[in-house]
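K.L.:
Predicted model follows, preceded by the sequence.
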Amino acid sequence: MTETLATLLGLIGAALMLASYLMKSMLPLRVAALSACCFLVAYGALKSALPTLLLYGALVPINVKKTLQIRKLVKAIENARADTPVSEWLLPHMHRRTVAAGTVLWRKDDVATEMLYLDAGTLRLVEYDETLRPGVLVGEIGLFAPDRHRTLTLEATSDCVVYSLTAEEMALLYYQNPKLGFHVMRLIVARLMRDVQRSHPVAPVEA
C-alpha cells in the first residue's frame, strides 16, 4: 500500500512539474511548481529517497517566496491608480547598491542594460546639466528604445544609493503581468514630453 501511494504521489508530482515548464503565466507556473515539490517531498519521504527529499524540500520555501512575490506584484499593479508612482510597486523587485561621487553610471550612446531609482544622493544628466534628486527613476527610455542606446550621460555628483532593474528583469515583470506596460508607457511618455518641452520651449504670449 505504501509503495503504491508513493508511486502515485511521485507521478502526480512529476506531472505537475512538467506542467509548470509548459505554462506561460508566471503565477500559475509557481503554484504548479510548489504543488509538485510538495508531492515529490512526500514521495521522497515514503520511498526513503534522501536526495529527492532534500532537493524538493529545499525548493518548497523558494517557490513559496517567489509565489508570494508574484502575487504581491500582480495585486499592486492591478490596484495601481493612474497617478500611482511606478517606483511604488517596482522598488521591491530592484537591487540596492551604492555609488561613489564622481562615478559615471553610463555615457551617451552606451548600450542600455538597466534602469535606476535614486534613493539617496544626487545624479546629473551631463548634457542637460540637470540634477536628479531622490525619488526619481532614470534610464527607462533606453531599455525600450529600438537601438537600446543611452541618449544622455549620467554621473553621480555625490555618494548615492540607487536601486537597479535590468532589461531582462523588466521583461520578466512584464511577462508576469502585461498591465505593467501601461504604467511604464505612462512613465516614458511623461519623460519624453518633458524632454520635448526642454528642447522646444514655448515662447510666452504677449498681451
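P.N.:
Done, it's in. Numbers count the residues shown, from 1 in each chain.
K.L.:
how much space between residue 122 and residue 97?
P.N.:
Remark: distance between residue 122 and residue 97 (CB to CB, to the nearest Å) = 16 Å. Where you see a C-beta, it was placed from the backbone N, CA and C, and this is true even at glycine.
K.L.:
Residue 135 now?
P.N.:
For residue 135, the distance to residue 97 - CB to CB - is 17 Å.
K.L.:
Equivalent analysis for residue 4, please.
P.N.:
Residue 4 sits 53 Å away from residue 97, going by CB to CB.
K.L.:
for residue 34, same thing?
P.N.:
Noted for residue 34: a distance of 31 Å to residue 97, by CB to CB.
K.L.:
if you count what's nearby, which of those two comes out ahead?
P.N.:
Ranked by neighbour count (other CB atoms under 10 Å), residue 34 and residue 97 place residue 34 first, with 19 against 11.
K.L.:
For this structure, which segments are assigned as strands?
P.N.:
With DSSP state E, the ranges of strands along the chain come out as 95-99, 104-106, 114-120, 123-125, 130-132, 137-138, 154-156, 160-166.
K.L.:
Format these as CSV; extra columns: mean pLDDT and distance to residue 21.
P.N.:
Conversion of these to CSV gives the following (pLDDT from 0 to 100; distance: least, CB to CB, whole Å):
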stretch, mean pLDDT, distance to residue 21
strand 95-99, 92, 27
strand 104-106, 95, 36
strand 114-120, 90, 28
strand 123-125, 94, 41
strand 130-132, 92, 42
strand 137-138, 86, 34
strand 154-156, 95, 39
strand 160-166, 91, 23
